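Trainee: Coordinates for the following, if possible.
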Amino acid sequence: MFQFYSEINHLKFLALMSLVISVMFTIGCETNAVLNETSEGEITGGKLAPSPEMPTGATGHQQPPTLADLVESVEPSVVSISVDIVSRGMFYNFTDEGSGTGMIIRPDGYILTNFHVVQDAKEIEVSMSDGRNFSAEIIGLDKLTDLAVIKIGAEDLPTVSFGDSDNLRAGDWAVTIGNALALKGGPTVTLGIVSGLGRTIQTERGDLYDMIQTDAAINQGNSGGPLVNLRGEVIGINTAVYGGAQGIGFAVSAKVALPIIKSLIDTGNVVRPLIGLNGINVTPALASRYNLGIAEGILITHVQNDGPANQGGLKVMDVITALDGTKTDDMAQFLGLLWQYKVGEEIEVTYVSDRSPKVTRVVLVERPSF
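Mentor: Residues are numbered from 1 along each chain as shown. Prediction:
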C-alpha cells in the first residue's frame, strides 16, 4: 500500500534538508579513515580528502541540494538480484521467485548481498545497471550476520568503496540504493539519517547484533543493497525492516561486514569461537529483582553442557563484567570482543557469582556452522 504525503509537508522537509545540508557543508567535514579495495581485491585503509560541496539542482541555487551525482557514482556498482527458490510441498515441489539487491565488491565479479536473499536459491540472476545479465553462483553464506557473497563471470567491474562506520553518529545522513519492490526502470533511492547505533534485533533467522538503525526507507527488494554516506561510501548493508513500523530499518555495519566478506571469499564460511553460554544485558530492574549485587554486565541465562563456560565454572545467574580485562556490559559488544579471538585461545573471564567477584579462564572451541 503506497502512502502519499501533503505537498506542504514535502516542501517543509526539502527546505529543512536544504538548510541543514548547506550549514553542514559550510562548516566542512573532517577527513575520515576509510576502507578501500585494491586492484588485487584486498581491503585496505586510506584517507579521504574533504568532501566537495553538494551540487545544486539543474535550475540553479534556488533548488534544494541534489544527491544525483552521488547516486550516479554508486549506481554502476549496485546490482539487482532475482532468484528462483524451490519450495517443497507434501506432494510436489514449487518454484517461487524472489528479489534483492547486491553490490560489487571486487572487479572480478564478487558481489555482496544478504544471506536470506539467496539462501534457498536454485538459480540466481544478476542484472547490472548497464543492462547486462549474468548467472551467479554462491561463494559463501553467513547466517549470523545475514551476509552472503556470490560471483558472476565478469571482469573490470565498478566496485563500491567502504567507509568507516566506527565514526558514525546518530543524526548523520544516510542514503539507500536498491531494487525496492523489484520495480522496473532503475534503482530506488531514499534519503534519511542514522537513527541509532549498536542495535540488536530479533529475526526468524536469529538475533542480529551491532546494527545501524536508519529511517531511510528500506523496502522489500532493498535487502543486500548499500547504505551510503554523503561521500558515496558504504557504511552498512541494508538488511531488515522492523515489522509494521514506518521509518525503522536496519543495516549491518561496514565494520562487522568487512572481516565476514574476507572469510567468505577465502574459505566459503566463517569460523567463530564459542564460549558456550547465552546472556542478556543487566538492567537496573534485573539487578534489583534478582539481587545481583552489580548494576552492569552480562547476565548468564544458559550454559551449554560441557562447553567452555561450563568447564570454567560459570553458571546461570552469574554476571560477566570483562573479557581479558576489557569491560563489557552489552551483549553485542560482548560478542564483538569474543569473535576477535581464535578457536583454541584461552581467555580470562571476570564475573560476579552470588554477589562475589571472581575470575576464571576458558579455552574457546569452534562454533558449529549452520
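Trainee: What's the end-to-end length of stretch 140-149?
Mentor: 5 Å (CA to CA, to the nearest Å).
Trainee: pLDDT averaged over it, what's the number?
Mentor: For stretch 140-149, mean pLDDT rounds to 94.
Trainee: Settle this for me: Met211 is touching Ser253, isn't it.
Mentor: Yes. Judged on CB atoms under 8 Å, Met211 makes contact with Ser253 at a distance of 7.2 Å. Where you see a C-beta, it was placed from the backbone N, CA and C, and this is true even at glycine.
Trainee: These two - which one has more neighbours?
Mentor: Neighbour tally, Met211 and Ser253, criterion other CB atoms under 10 Å: the higher count belongs to Met211, 25 against 22.
Trainee: Contacts only, for that one.
Mentor: Gly198, Arg199, Thr200, Ile201, Thr239, Ala240, Phe250, Ala251, Val252, Ser253 (CB atoms under 8 Å, 6 or more residues apart in numbering).
Trainee: can you do 10 Å?
Mentor: Residues near Met211 by CB atoms under 10 Å, 6 or more residues apart in numbering: 145-146, 196-201, 236, 239-240, 249-253, 256, 332.
Trainee: Correct me if wrong: Gly225 contacts Val79.
Mentor: Yes. Using CB atoms under 10 Å, Gly225 is in contact with Val79, at 9.1 Å.
Trainee: Now do the shared contacts for the two.
Mentor: With CB under 10 Å, 6+ apart, Gly225 and Val79 have common neighbours Gly100, Thr101, Gly102, Met103, Leu112, Thr113, Gly178, Asn179, Pro187.
Trainee: Could I get the contacting residues of the fourth one?
Mentor: Remark: with contacts taken as CB under 10 Å, 6+ apart, Met103 is in contact with 74, 77-79, 110-113, 159-160, 162, 177-178, 224-226, 228, 234, 237-238.
Trainee: can you map out the helices along the stretch 151-300 of the chain?
Mentor: 254-267, 284-289 (DSSP state H, counting those that start in this stretch).
Trainee: what residue ranges in the stretch 101-250 of the chain score low on pLDDT?
Mentor: Counting by pLDDT under 70, the stretch 101-250 of the chain shows low-confidence ranges at 181-183, 185, 205-206, 241-246.
Trainee: ok, the residue sitting nearest the centre point of the chain to Arg169 distance?
Mentor: Nearest to the geometric centre of the chain sits Val252, at 0.7 Å (CA atoms, centre = their mean). Per CB to CB, to the nearest Å, Val252 is found 18 Å from Arg169.
Trainee: Filter the shared contacts of Gly225 and Val79 down to the buried ones and hand me the ChimeraX line.
Mentor: Buried members of these, defined by 16 or more other CB atoms under 10 Å, are picked up in ChimeraX with:
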select :100,101,102,103,112,113,178,179,187
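Trainee: what's the closest of the shared contacts of Gly225 and Val79 to Val343?
Mentor: Leu112 (25.0 Å; CB to CB).
Trainee: and Ser369, what element?
Mentor: Using DSSP states H and E, Ser369 sits within no helix or strand.
Trainee: who are the neighbours in contact with the closest residue to it other than its chain neighbours?
Mentor: Nearest non-adjacent residue to Ser369, counting by CB to CB, 6 or more residues apart in numbering: Asn269, 5.6 Å away. Residues in contact with Asn269, defined by CB under 10 Å, 6+ apart, are Gly140, Leu141, Asp142, Ser263, Ser369, Phe370.
Trainee: what's the spacing between Asn269 and Arg367?
Mentor: 11 Å.
Trainee: on that earlier part again, what sits against the residue nearest to the centre of the chain?
Mentor: Going by CB under 10 Å, 6+ apart, the list of residues near Val252 reads 112, 114, 142, 145-147, 165, 208-212, 224, 227, 236-240, 260.
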